[in-house]
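Colleague: following is a predicted model, sequence given first.
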Amino acid sequence: MELGLAWLAAGIGVGISVLGAGTGIGRLGAAALEAASRQPETAAETRTLMLIAAALIEGIALIACIVCILLAVKTA
Amino acid sequence: MSAQPHQTPAESNVFTQLLEELGDHHGFYVGPYKLLDLPIILWDNGRLHLYPSPTAMEQAGLYRMVEGHPVRVADGKPPALDLSITNLVVYQWLGMLLVGIALWRAVRRYRAHPLRPPRGLQNAIEALVVFIRDEVVFANVGHQRLGVRLLPYFLTLFFFILVLNLLGLVPGGHTATGSLAVTGALATIAFFVINGGAIATIGLKNWLRHLLGGGPLWLSPILVPIEIIGMFAKAFALCVRLFANMTAGHIALLSLVGLIFFFGTVLIAPVSVAFSVFVYLLETLVAFLQAYIFTILTAVFLGLASEETH
């Protein structure tokens, strides 16, 4: 019963964190694309900034996933 | 990505088994094949225990292997410190050797013919070195002299992580960067480089002033703890990001191949193989991307920490 709840929590948790990260990276990508098409001459700089911000968002999501993994590998 | 047989406890599920396979082993494996027994070095009860292989350790009678890790025979607890040469250590040595040979060859050609255009592998290395120097280090570390002095560190970091990531994608290879111990060590070095570089550039007083976060003095009870946590969180995030990215791809690959055994039919194989090839190619991209991200984030954090004014 408790193990089942831990797996349920892991599943729900990973879903929510992926939802947040997906929204964040999606908005980031849209904004970066818009900036790059408005000012193509700064596209390289925009890409670097986008990658850094994406990595930071991803870092948060991955830490959330690690928490979920800890729940999923819970034994007894 | 290996699949050597392992004695796993009955209560562990498939997922923990996968993580166990991707982790460290006391033998040098290529795929499921064990090529070498690796020496075991333990620090326990105030003295050093050296054994040439796990079998020799079990014959000596003080320790035995349980689930792939040495434990005391007397009370079944792990030793105080396990400093063994493990699978991933050997893969790191292999990575160092490859980076060393590749860069040494390029440098030797530059020395021999300084005026001839680069060719072959030298060309690829030059492109990467120039990219890291101009786009990653000099663009983000604001202080010019600090950037020049730390350029060797950033180049080593990039090539080391890149080669370890790619070694893990060679069929049968293990990903040393897919282990928290390895990425933790890299992040610890990055932590000291970021803060040491900042203190060396702007002085201890200005570095301490950064802890205020640019706010007024009366906000310091809130801001100082946040800034201190932020200092460690940056290094922690670097560590977890690299580890999770390298591990996630491998788990996805193993799960896709596992679908064939899960359904117990050959018909699912084409789907599994197609998706596996896609994930494998994605992992190749991620191998380059994560080496780049780790390097550029270290450079960005160093640049932020060594700013004169906030």
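Modeller: Looks like it arrived, so ask away.
Colleague: going by C-alpha atoms from here, please, whenever you check contacts or count neighbours.
Modeller: OK.
Colleague: quick check: the gap between B:Leu204 and chain A.
Modeller: 28 Å (CA to the nearest CA, to the nearest Å).
Colleague: average pLDDT for the strand or helix carrying that residue, rounded please.
Modeller: Using DSSP states H and E, B:Leu204 maps to helix B:180-210. The average pLDDT for helix B:180-210 rounds to 91.
Colleague: centroid residue for chain A?
Modeller: A:Ala21 (2.8 Å; CA atoms, centre = their mean).
Colleague: what kind of secondary structure is it in?
Modeller: Put simply, A:Ala21 is helix when judged by DSSP: H, G, I helix; E, B strand; the rest coil.
Colleague: what sits against it?
Modeller: Listed by CA atoms under 8 Å, 6 or more residues apart in numbering or on different chains, the contact set of A:Ala21 reads A:Ile57, A:Glu58, A:Ile60, A:Ala61.
Colleague: what does the model give the closest residue to chain B within chain A for pLDDT?
Modeller: Using CA to the nearest CA, the point where chain A gets nearest to chain B is A:Gly59, with a distance of 5.4 Å. A:Gly59 is assigned 83 on the pLDDT scale.
Colleague: for it, pull up the helix or strand it's in.
Modeller: helix A:43-72.
Colleague: return the distance of that helix from the chain's centre.
Modeller: What separates the centre of helix A:43-72 from the centre of its chain is 5 Å, taken as CA atoms, centre = their mean, to the nearest Å.
Colleague: buried stuff in that helix?
Modeller: Neighbour-count burial for helix A:43-72, with 16 or more other CA atoms under 10 Å in any protein chain shown as criterion, is recorded at A:43, A:46-47, A:50-66, A:68-69, A:71-72.
Colleague: likewise stretch B:29-47?
Modeller: Using 16+ other CA under 10 Å as the test for burial, stretch B:29-47 gives B:Tyr29, B:Val30, B:Gly31, B:Asp37, B:Leu38, B:Pro39, B:Ile40, B:Ile41, B:Leu42.
Colleague: isn't the second one right up against B:Gly172?
Modeller: Yes. Under the criterion of CA atoms under 8 Å, B:Val30 makes contact with B:Gly172 at 4.7 Å.
Colleague: since we're on the closest residue to the residue of chain A closest to chain B other than its chain neighbours, how many residues are nearby?
Modeller: Distance criterion CA to CA, 6 or more residues apart in numbering or on different chains; nearest residue to A:Gly59, sequence neighbours excluded, is B:Arg241 at 5.4 Å. As a burial measure, B:Arg241 scores 24 neighbours (other CA atoms under 10 Å in any protein chain shown).
Colleague: any idea which helix or strand carries B:Arg241?
Modeller: helix B:220-263.
Colleague: residue numbers of chain A in contact with chain B?
Modeller: Applying CA under 8 Å from any CA of the partner chain, one finds that chain A approaches chain B through A:Leu51, A:Ile52, A:Ala55, A:Glu58, A:Gly59, A:Ile60, A:Leu62, A:Ile63, A:Ile66, A:Val73, A:Thr75.
Colleague: list the helices and strands the helix holding B:Leu204 packs on?
Modeller: Contact analysis of helix B:180-210 by 3 or more CA pairs under 8 Å, 6 or more residues apart in numbering or on different chains; DSSP states H and E lists helix B:220-263, helix B:269-305 as its packing neighbours.
Colleague: what is the least confident helix or strand in chain B?
Modeller: helix B:14-22 (a mean of 74; mean pLDDT, DSSP states H and E).
Colleague: name the residues of that helix that are buried.
Modeller: Neighbour counts using 16+ other CA under 10 Å place B:Thr16, B:Gln17, B:Leu18, B:Glu21, B:Leu22 of helix B:14-22 among the buried residues.
Colleague: greatest separation within the residues you listed: which pair is it?
Modeller: Using CA to CA, these span at most 9.9 Å, a distance reached by B:Thr16 and B:Leu22.
Colleague: for the closest residue to A:Ala53 other than its chain neighbours, which three-state class applies?
Modeller: Distances taken as CA to CA, 6+ apart place A:Leu28 nearest to A:Ala53, at 7.8 Å, with adjacent residues excluded. The three-state assignment at A:Leu28 reads helix, by three-state DSSP.
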